[in-house]
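[1] Just to be clear, the model below is a prediction. Sequence and coordinates:
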Amino acid sequence: MERPSRLLLVSQLCIRNTAYDVSLSRSLLTWKRLTSSPMYRFRPNMGHSVPLSEIISVRGEEEEGGTKHKDDSSWKKIKDRGGQDSRQAFTVSYVERCRQHRWRCAEVTFTCPDTELCWNWVRSIREQLASISGRPRSLLVYINPYGGKRQGKHIYEHKVAPLFAQAGISTQVIVTEYANHARDHLRTDAELSNFDGVVCVGGDGMFSEIIHGLIWRTQIDSGIDPNCPDEALSPCSLRIGIIPAGSTDCICFATVGTNDPITSALHIILGDSQPLDVSSVHHNNVFLRYSVSLLGYGFYGDVLSDSERKRWMGLARYDISGAKMFLTHHYYEGTVSYLPARGAVGTPRDSSRCRSGCAVCQHNEEIRSDRAVKYEMDEASDCENDGEWRTVRGKFLAINAACMSCACPRSPKGLSPAAHLADGTTDLILVRKCSRFNFLRHLLRHTNKDDQFDLAFVEVHRVVRFRFTPRHCQSDSDLELELLGNSKRQIFSQICRDHPACGCARTYSSWNCDGEILTHAAIDVRVHCRLIKLFARGIEEPQVFEDLHNPCAI
Ligand SMILES: CCCCCCCCCCCCC/C=C/[C@@H](O)[C@H](COP(=O)(O)O)NC(=O)CCCCC
Ligand SMILES: Nc1ncnc2c1ncn2[C@@H]1O[C@H](COP(=O)(O)OP(=O)(O)O)[C@@H](O)[C@H]1O
Ligand SMILES: [Ca+2]
C-alpha cells in the first residue's frame, strides 16, 4: 500500500479477526474496515479516528485461553487455537465520550501478521505520545478520607490509581490526617520541583486547602506580600487536578461538566489545562481567604454555618439547613461598593455560556494584558485609576459573588450561569429583602430554565472588585417586628430561640467562601485573573455526530 508522506505508519491489521486499514499520523490513529470482504461490501464503512492527544497508553498483549495478560513493557504473541504462536497484538487505550460530559477509557486491540511490525506500531505510538507536551509524569496526591460520603480513598484506589499507573504516571499519595494538613504541607514542606501537578481527592473544601497552600507558597517564593490587597499576585505554575469525592463538587462540575472521578482522572492524564480566576478576600488589609466559586453572605453563609453542625447527616445537611434558613428568612443590612468590569466582553445576563476554548475569556484576557502593558502598572491600580466605584445600600437576603458559574448537581446551570472561568471578573448578585414567596421563586429558578436574575429584587453586576460593610448596629426595629410581630412569624422566631447559634437574631451573617466559613462580615474582594490552572479544559459542547458511533453515549 502506498504511504502518503504525512502518515508515519500504514498497515493492514486485524481487529477481532476482521481486517482493517490502520494508519498513524502525528495527530491521528485511524482504522477503517477493508471493504474487499463480500460480507461488508454493502455496509457503510465510516472508519474510526482517535486524536493522538486522546490516547492514554499503548501496550503489548498476550491472550491465553480467553484470559488477557497485560504487559506494559513490550508486545507479546497471541496464540492461535492450536496453541501455536501465530500473531502479535497491541492494545491502544483512548478516551471515549459518554453522556453528560463523562469520559471513559475505551480499548482497541490490533493483531499484526509479524513481530517486527507489531513492535514498530507500539514504538511509533509511544514516541508520538512522549512528544505531546503538558502531560504529567509525576503527581502529588492528597486524599481527604472524610469528604462527602467518605469514599475518597476507595475512589482513588479503585478508579483513579489504576488509570494513572496505566498512563505511566508516578504518584506520591498523602491521606490527610487533619483539616489543613494538605494546605500546610504545600505551604512549607512539599518538594514541589519533583512534581508536574497536584491532585486533590475530595470536595470544594479540600480543593480550597490546595489552592491556599499553592498560592501562598508561590507568593512567598516570588517575594509578594499576600496581606496586601493591592498587590498583583504571581500565577501558580503547577496545575491542580480535582478527583471529586465531596458534597457539592461545584468546582469540578463547573470546569468539567460532571463530577465523575474517572472523567477527571482522564483529563489529568491527557494534561489538560484550564486557567481559573481567583478572588482574594481581605479584612482591614489582612488576608482572609481565596475563593474560586461561591462567596456568599446571608443565605449561603447561614446555610453553611448551620450545616457544619450537621456534618454527621452527610450530603443531606445542605438540604436541611437550606430549608431551615429559607424559613428563618433572615436579611442583613449593609453597603456594597463595586468596581464594574470595564471593557470586558459579556454580561451576567448573556444567553451564551463559558465553554471549552471560550472566546470571551480569551478576549478579556487579551484586553486586560494590553491595558497592563499600556499603563505599565498592575491591574488593580489600573482599574482603580480608571474605574468608577458604585455603591448600593440596603437590606439583603443574600449577597453572592460567583467567579465561575458554580454549576453543581444541585443546580446544573449554577448560581450565575453566564459567568466565565478565566475572564478576570466575578458576578456580584444582590438579592434584596423580599417576601418568602419571592425568594423561593428566585431559588427555584436555579434549578430550572427560568432566569433567576429576572426579578425586581435581584440585581447582578460583573465586577473586578467589591467591598461589603455591614451596618454596625441594628437600630432598625423592622427586624424585631419581623421576628416577633405576628403569630406566624413567632413560629420562625421560635426556631431561632431553639437554636441560638443559628444566628437568626444577629445583625451579621458570615461569608460562605467556597464552603469555608468566614466570620468577618466586612470584606474587600479582588479578582485575580487566571491565578491558577486546573487539569481540565472547560465544559465541552456536545459533539453532534458523537452519539451515532459511540455505544457508550446512547
Ligand atoms: C428550593 C430549591 C433551592 C435550590 C437552590 C439551589 C442553589 C444552589 C446553588 C449552589 C451553589 C453552590 C456553590 C458551591 C458551594 C460549595 O463551595 C460549598 C461547599 O461544598 P463542599 O465542600 O463540597 O461541601 N457548598 C455549599 O455551600 C452548599 C450550598 C447549598 C445551598 C443549598
Ligand atoms: N483528615 C481530615 N480530617 C478532618 N478534616 C479534614 C481532613 N482532610 C481535610 N479535611 C477538611 O474537611 C473539610 C471538608 O472537605 P471536603 O473534601 O471539601 O468535603 P465536603 O465536600 O464533604 O465538605 C475541608 O474543610 C477540609 O479542610
Ligand atoms: Ca470569572
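    Here it is on my side, so go on. Computed from a prediction, not measured in an experiment: that's the story for all the values here. Ligands and ions are numbered 1, 2, ... in the order given.

[2] quick one: pLDDT of Gly60?
    Note on Gly60: pLDDT of 87.

[3] That one reaches Arg123, doesn't it?
    No: using CB atoms under 8 Å as the test, Gly60 is too far from Arg123 to be in contact (10.7 Å). C-betas here are computed from N, CA, C, even on glycine.

[4] neighbour-wise, which of those two wins?
    Under the criterion of other CB atoms under 10 Å, the comparison of Gly60 against Arg123 puts Gly60 first, with 22 against 13.

[5] Mind listing the residues bridging to the more buried one?
    Asp71, Phe90 (DSSP bridges).

[6] so how far is Trp119 from it?
    Distance, Gly60 to Trp119, using CB to CB, to the nearest Å: 9 Å.

[7] What about Arg16, how many residues nearby?
    Counted with other CB under 10 Å, Arg16 comes out at 8.

[8] On the pLDDT front, check the nearest residue to it once chain neighbours are set aside for me.
    Excluding its sequence neighbours, the residue lying closest to Arg16 (CB to CB, 6 or more residues apart in numbering) is Thr109, at 7.9 Å. pLDDT recorded at Thr109 is 96.

[9] for Thr109, what are its contacts?
    15-16, 61, 89-92 (CB atoms under 8 Å, 6 or more residues apart in numbering).

[10] Buried ones from those, can you make that a PyMOL selection?
    With 16 or more other CB atoms under 10 Å as the criterion, this PyMOL line picks the buried residues out of the contacts of Thr109:
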select buried, resi 15+61+89+90+91+92
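
[11] okay if I get the contacts of Thr109 as a markdown table plus distance to Arg393?
    Shown next, in a markdown table, are the contacts of Thr109 (distance: CB to CB, whole Å):
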| residue | distance to Arg393 |
| --- | --- |
| Ile15 | 69 |
| Arg16 | 71 |
| Glu61 | 70 |
| Ala89 | 72 |
| Phe90 | 69 |
| Thr91 | 65 |
| Val92 | 62 |
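
[12] related to what we said a few turns ago, the residue nearest to Arg16 and Thr18, how far apart?
    For Thr109, the distance to Thr18 - CB to CB - is 12 Å.

[13] Make sure Ile220 is indeed in a helix.
    Yes: checked against DSSP: H, G, I helix; E, B strand; the rest coil, Ile220 lies within a helix.

[14] can you tell me how far it sits from ligand 3?
    25 Å (CB to the ion, to the nearest Å).

[15] again, but for Pro275
    For Pro275, the distance to ligand 3 - CB to the ion - is 10 Å.

[16] Repeat that for Leu266.
    25 Å.

[17] repeat for Ile215
    16 Å.

[18] ok now do that residue, which residues does it touch?
    Contacts of Ile215 (CB under 8 Å, 6+ apart): 226, 233, 236, 278, 290, 531-532.

[19] what residue ranges in the chain score low on pLDDT?
    1-5, 36-46, 62-87, 372-386, 472-506, 544-554 (pLDDT under 70).

[20] okay, now whichever residue of it sits closest to ligand 1: neighbour count?
    At 2.4 Å from ligand 1, Gly515 is the closest residue in the chain, using CB to the nearest ligand atom. Neighbourhood size, Gly515 [other CB under 10 Å]: 24.

[21] just use 58 as the starting number from now, easier for me
    With the count now opening at 58, the last piece we talked about shows up as Gly572.

[22] give the contact list for it.
    So Gly572 contacts 260-262, 265, 305, 351, 361 (CB under 8 Å, 6+ apart).

[23] any idea which of those residues has the most stuff around it?
    Leu351 leads the contacts of Gly572 on contacts (other CB under 10 Å) with 28 neighbours.

[24] was I right about Ser337 contacting Val349?
    No: in this structure, Ser337 is not within contact of Val349 by CB under 8 Å, at 10.9 Å.

[25] Which of these two has more residues huddled nearby?
    Comparing Ser337 with Val349 by other CB under 10 Å, the one with more neighbours is Val349, at 28 against 24.

[26] Centroid-nearest residue for this structure?
    Cys309 (2.9 Å; CA atoms, centre = their mean).

[27] Surely it and Ile299 touch.
    Yes: counting by CB under 8 Å, Cys309 touches Ile299, with 4.5 Å between them.

[28] Return every residue with contacts to both of these two.
    264, 321.

[29] what's the residue in the stretch 208-357 of the chain that ligand 2 sits nearest to in contact with, if anything?
    Closest to ligand 2 within the stretch 208-357 of the chain is Gly260: 2.2 Å, counting by CB to the nearest ligand atom. Going by CB under 8 Å, 6+ apart, Gly260 touches 201, 204-205, 301-306, 572.

[30] how far away is the spatially closest residue to it that is not a sequence neighbour from Gly104?
    Once flanking residues are discounted, Gly260 sits nearest to Gly303: 1.5 Å by CB to CB, 6+ apart. According to CB to CB, Gly303 and Gly104 sit 41 Å apart.

[31] okay, those two: which has more neighbours?
    Gly303 (27 against 13).

[32] Which strand or helix spans Thr87?
    Taking DSSP states H and E as the criterion, Thr87 maps to strand 85-90.

[33] Give the buried residues for that strand.
    85-88, 90.

[34] so what does it touch, helix or strand wise?
    Using 3 or more CB pairs under 8 Å, 6 or more residues apart in numbering; DSSP states H and E, the elements in contact with strand 85-90 are strand 75-82, strand 105-108.

[35] Kindly compare burial across those strands and name the winner.
    When you average the neighbours per residue for each of those (mean count of other CB atoms under 10 Å), strand 75-82 leads with a mean of 18.

[36] what's near enough to touch the residue nearest to Gly260?
    So Gly303 contacts 201, 204-205, 259-263 (CB under 8 Å, 6+ apart).

[37] nearest to ligand 3, of these?
    Asp261 (16.2 Å; CB to the ion).

[38] which ones are touching that closest one?
    Contacts of Asp261 by CB under 8 Å, 6+ apart are 303-308, 350, 571-572.

[39] ends of stretch 185-201, how far apart?
    36 Å (CA to CA, to the nearest Å).

[40] number of nearby residues for the closest residue to ligand 3 within the stretch 158-307 of the chain?
    Closest approach between the stretch 158-307 of the chain and ligand 3, counting by CB to the ion: Cys307, at 13.8 Å. Neighbours of Cys307 under the rule other CB under 10 Å: 30.

[41] Run through the bridge partners of the closest residue to it other than its chain neighbours.
    The shortest distance from Cys307 to any non-neighbouring residue, by CB to CB, 6+ apart, is to Cys465 (4.1 Å). Note on Cys465: beta-bridge partners by DSSP bridges are Ser468.
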